[in-house]
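[1] Output the structure for:
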Amino acid sequence: MAEGLGVGICGLGTVGSGTFNLLFGNRAEIESKVGTPVEVRLVGCRRDHPDCDLAGTRVTRDIFDVVGDSEVDVVCELIGGTDAALELVRGALDAGQHVVTANKALIAEHGAALFELAAEKGVQLRFEAAIAGGIPIVKAVREGLSGNRIEGIAGIINGTSNFILTEMSGLGNRGFDEVLAEAQELGYAEADPTFDVEGIDAAHKLTILSSIAFGVPLAFEHIYTEGISAVTVDDIRYAQELGYRLKHLGITRRRESGVELRVHPTLVPETELIAKVDGVMNAVLVSSDAAGTTLYYGAGAGSLPTASSVVADVIDVARSVGATHAVSNLGFAGGTSDARVLPIDETRSAFYLKLTVEDRPGVMASLSTTLSEHDISIESLIQKDASGGQVPIVLITNEVQESQFDAAVRAIESADYTQGEVTRIRVVAFN
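    Predicted structure coming up:
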């Protein structure tokens, strides 16, 4: 085996090309930090990338050639998906190679078995790049805040959804479909944007974060997921009028009865830092007992930001090889806690409620009575001018259990004064 740490890169797309170029371009600086050369010794890709100079680097068109290669100590899985990627990672771990991945779906859905295999084989499986691109949130939680009891994490962890909501919040009065089309033109959204706008991508990432923070098993199948496709410009405008910004958040919090794990549109007070994160940027807010509230902000995707996290994991492997903690798979605590994931109807939030009612005396009193009967109070309210015998009403409630609010909404929807659909959005404050 050659001197130093040998790296094999599988996939030479956006992240793979960035990883190759970062390892190659910063090789002298990396070696000075690690104390040994870190070299790309094999690249597995279907086609070359025009931004990568592969002269002098072995290249194979079969990514599985990287598995078990005698010169490769660390396999970087950067192909995405959960089929070939799962086979590749299993094979590499089984062959005694360390693995670094940017694949959130792989970790969220198959991580438990893969970490077990890594421990059995005495190798590391690292995944910093799987969450929030260039933001080193895994290291922040497991190292920087390791002496803290984590109380909750909330994140804008999908740039596509954040871009859409930011643009809908602008002065152009543009709806979801129009802004989504722009996001696709700009390359922020895929041709099929479902994973982003319906919250699946964020759910994968939050599943991993919750497992790191609270030790719960990876529980992607239990996460509540709601997208942004039903959000309207009116909802955003009313929220702003009430002093809130609408964000698509992943939220996981410790409760006495279990752990909340949910992704959904959320009204956040405009004074909070996370409410000010716009465009395609990501941010993760962590609440802990000693450090208090900390916010981590940066690019959540892109070639070099994500490659930065991949390379950081490679460097950590290089530093720890031969050390007594080399096989601890730092960063994964899943399965150490028996806390259950709370179903959404057991979580607590304040709520934004929008409805249209008949323009007649006593309606507001009836609405207030219905809410009061379910122990819900009104914190703030907007009542617009009547038009055509109808009055739009928007209100914010106090914090209540979701099942309690559901019962109130059912009663309001069945009332004779309610006209059309009732809209509700969760409201969460972090300060």
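[2] And the helices in the stretch 301-431 of the chain, which stretches?
    Per DSSP state H, counting those that start in this stretch, the stretch 301-431 of the chain carries helices over the ranges 303-320, 363-373, 402-414.
[3] Could you single out the most deeply buried of these?
    helix 303-320 (a mean of 22; mean count of other Cβ atoms under 10 Å). Quick note: C-beta positions are derived from backbone N, CA and C, even for glycine.
[4] what's the model's confidence in stretch 269-277, averaged?
    Mean pLDDT, computed over stretch 269-277, is 96.
[5] what's in contact with it?
    154, 156, 162, 240, 243-245, 247, 249, 268, 283, 285, 295, 297, 429-431 (Cβ atoms under 8 Å, 6 or more residues apart in numbering).
[6] switch to 10 Å and redo it
    154-156, 162, 166, 239-240, 242-247, 249, 266-268, 283-285, 293-295, 297, 300, 427-431 (Cβ atoms under 10 Å, 6 or more residues apart in numbering).
[7] Would you mind writing the CA trace of the helix or strand containing residue 115 as CSV?
    Element membership of residue 115, judged by DSSP states H and E, is helix 104-121. Only the C-alpha atoms of helix 104-121 are listed here, as CSV (Å, rounded to 0.1, in the frame of the first residue of the first chain):
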residue,chain,number,x,y,z
LYS,A,104,-29.0,11.7,3.2
ALA,A,105,-31.6,9.2,1.9
LEU,A,106,-29.2,6.3,2.3
ILE,A,107,-28.4,7.2,5.9
ALA,A,108,-32.0,8.0,6.9
GLU,A,109,-33.4,4.8,5.5
HIS,A,110,-30.6,2.3,5.9
GLY,A,111,-28.2,3.9,8.3
ALA,A,112,-28.8,1.6,11.3
ALA,A,113,-27.7,-1.5,9.4
LEU,A,114,-24.8,0.3,7.8
PHE,A,115,-23.4,1.6,11.1
GLU,A,116,-23.8,-1.9,12.5
LEU,A,117,-21.7,-3.3,9.6
ALA,A,118,-19.1,-0.5,10.0
ALA,A,119,-18.7,-1.3,13.7
GLU,A,120,-18.4,-5.0,12.9
LYS,A,121,-15.7,-4.3,10.4
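[8] Show me what counts as buried in that helix.
    For helix 104-121, burial by neighbour count (16 or more other Cβ atoms under 10 Å) applies to 104-112, 114-115, 117-119, 121.
[9] Likewise for stretch 267-275?
    So for stretch 267-275, counting by 16+ other Cβ under 10 Å, buried means 267, 268, 269, 272, 274, 275.
[10] measure that stretch end to end?
    9 Å (Cα to Cα, to the nearest Å).
[11] before we move on, the earlier item: looking at the helices of the stretch 301-431 of the chain, which is nearest to residue 392?
    Proximity of the helices of the stretch 301-431 of the chain to residue 392 was assessed by Cβ to Cβ; the nearest stretch is helix 363-373, lying at 12.1 Å.
[12] what sits up against that closest one?
    Residues outside helix 363-373 that contact it (Cβ under 10 Å, 6+ apart) are 353, 355, 357, 362, 376-378, 381, 383, 391, 393, 395, 397-398, 400, 405, 407-409, 411-412, 414-418.
[13] What's the mean pLDDT across it?
    Average pLDDT, helix 363-373: 96.
[14] before we move on, what about stretch 134-146?
    Stretch 134-146 comes out with an average pLDDT of 95.
[15] gap between the two ends of that stretch?
    End to end - Cα to Cα - stretch 134-146 spans 20 Å.
[16] same thing with stretch 173-191?
    Termini of stretch 173-191 sit 24 Å apart (Cα to Cα).
[17] which residue of this protein sits farthest from its center?
    Seen from the C-alpha centroid of the chain, the residue lying at the greatest distance (Cα atoms, centre = their mean) is residue 361, 46.4 Å away.
[18] State the distance from that one to residue 17.
    According to Cβ to Cβ, to the nearest Å, residue 361 stands 67 Å off from residue 17.
[19] can you list the weak-confidence ranges in this protein?
    Judged by pLDDT under 70, the chain has its weakly predicted residues at 1-2, 322-335.
[20] ranges for the helices of the stretch 101-250 of the chain?
    Here the stretch 101-250 of the chain has its helices, by DSSP H, counting those that start in this stretch, at 104-121, 137-139, 159-168, 176-186, 194-197, 200-214, 233-241.
[21] now for the longest one, which elements pack on it?
    Going back to what we said before, that points to helix 104-121. In terms of contacts (3 or more Cβ pairs under 10 Å, 6 or more residues apart in numbering; DSSP states H and E), helix 104-121 is packed against helix 84-94, strand 98-101, strand 125-126, helix 200-214.
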